[in-house]
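J.: what follows is a predicted protein model with its sequence.
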Amino acid sequence: MAWFKKVRKPIEPPPDKSRVPEGLWVKCPACGQAIYNKDLAASLNVCAKCGHHLRLSATERLRTLFDGEWVEHDSGLASTDPLQFTDTKPYRTRLDASIIATGLKDAVITATGRIGGVECAVAAMEYGFIGGSMGVVVGEKITRVIERAIAARIPVVIVSCSGGARMMEGTLSLMQMAKISAALARLDRARLPYISILTDPTTGGVTASFAMLGDVNIAEPRALIGFAGPRVIEQTIRQKLPEGFQRSEFLVEHGMLDLVVDRRELKDVLVRVLRFGGAGLAAPEPAPAVAEPQPPSEAPA
């Protein structure tokens, strides 16, 4: 007689009211602290409990450095897949997926704007685009922004966040190391400052070229900086590496870096370094020409 039995249904919570919306909290990868995403954004993606520096996108990085608006350059440059490269998937597929994920055409944004009132040319690398790897487009965009800086007589700031040269472009990617380094040599001959900011991670061909060529090299705390990764080095030399090897604090102790600066203080330090280097100071006006006295002309007889 099942029709006399009352079936009890479980009480269900009201839809979308008792559930916490996704994306409101972020777990710190270092200490496990749950951080409200608005608080994290206010602290520039730095954990308030342990000081761990979470990654910033290239756009967020520019927003933290520039005083306000900036002018982006060469945003339309994109790779043509010169080698028609395929490994586990075609390189073109990787490019298209990264373009959709980041909204960028390649792994760097170059722009000009003011930092603490000082006009600067800035290149910020995007790790979300194939690991921030350096291909032909990255080399071309950074070289162009350096050339713009030379023409405008302004300093250059490059923020590195990269896994190194992009293997899918072969030797063409390695050529960018020399290309950017040559442009920085011209900047040096023009007596203009170049500040290199190294973030986690900065490795491979980027470290082996422009990332370590700054007049001042500044790193964020605990950033991984090196050429080969620590596992590769340990397997090669068959020795245990020291604690903190290839981290920014280790490198500054051994003379590879000049400063390790918390991201929340980075802009103030950068402005002081730029002004110490003479950036933003008006060039001295040339002294007015003084006519040399002419000998008196002889009167006609």
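T.: That came through fine.

J.: switch to C-alpha atoms for all contacts and neighbour counts from now on
T.: OK.

J.: thought residue 114 was touching residue 67?
T.: Yes: if you go by Cα atoms under 8 Å, residue 114 and residue 67 touch, sitting 5.8 Å apart.

J.: just the helices in the stretch 101-250 of the chain please.
T.: For the stretch 101-250 of the chain, the helices defined by DSSP state H, counting those that start in this stretch occupy 136-152, 170-189, 204-207, 230-237, 248-253.

J.: how far off helix 136-152 does the longest one point, in degrees?
T.: When axes from the mean of the first three to the mean of the last three Cα atoms, to 10 degrees is applied, the directions of helix 170-189 and helix 136-152 differ by 10 degrees.

J.: contacts for helix 170-189, please.
T.: Here helix 170-189 makes contact (Cα atoms under 8 Å, 6 or more residues apart in numbering) with 83, 134-136, 139-140, 142-143, 146-147, 149-150, 165-167, 193-194, 205-206, 208-210, 213.

J.: the third one now?
T.: Contacting residues not belonging to helix 204-207 are listed as 134, 160, 162, 163, 164, 165, 174, 177, 225, 226, 227, 228 [Cα under 8 Å, 6+ apart].

J.: how much space is there between the fourth one and residue 230?
T.: Noted for residue 163: a distance of 13 Å to residue 230, by Cα to Cα, to the nearest Å.

J.: what's the first-to-last distance across stretch 102-110?
T.: OK, stretch 102-110 end separation, Cα to Cα: 15 Å.

J.: identify the residues contacting that stretch?
T.: Contact with stretch 102-110 is made by 58-59, 72-79, 98-99, 121-130, 132-134, 137-138, 141-142, 145, as judged by Cα under 8 Å, 6+ apart.

J.: where does the prediction get shaky in this protein?
T.: Along the chain, segments meeting pLDDT under 70 span 1-22, 280-301.

J.: show me what the residue positioned nearest the centre of it is bridged to.
T.: Nearest to the mean C-alpha position of the chain, counting by Cα atoms, centre = their mean, stands residue 159 at 2.7 Å. Beta-bridge partners recorded for residue 159 (DSSP bridges): residue 124, residue 197.

J.: most neighbours per residue, which of the helices of the stretch 101-250 of the chain?
T.: helix 204-207 (a mean of 24; mean count of other Cα atoms under 10 Å).
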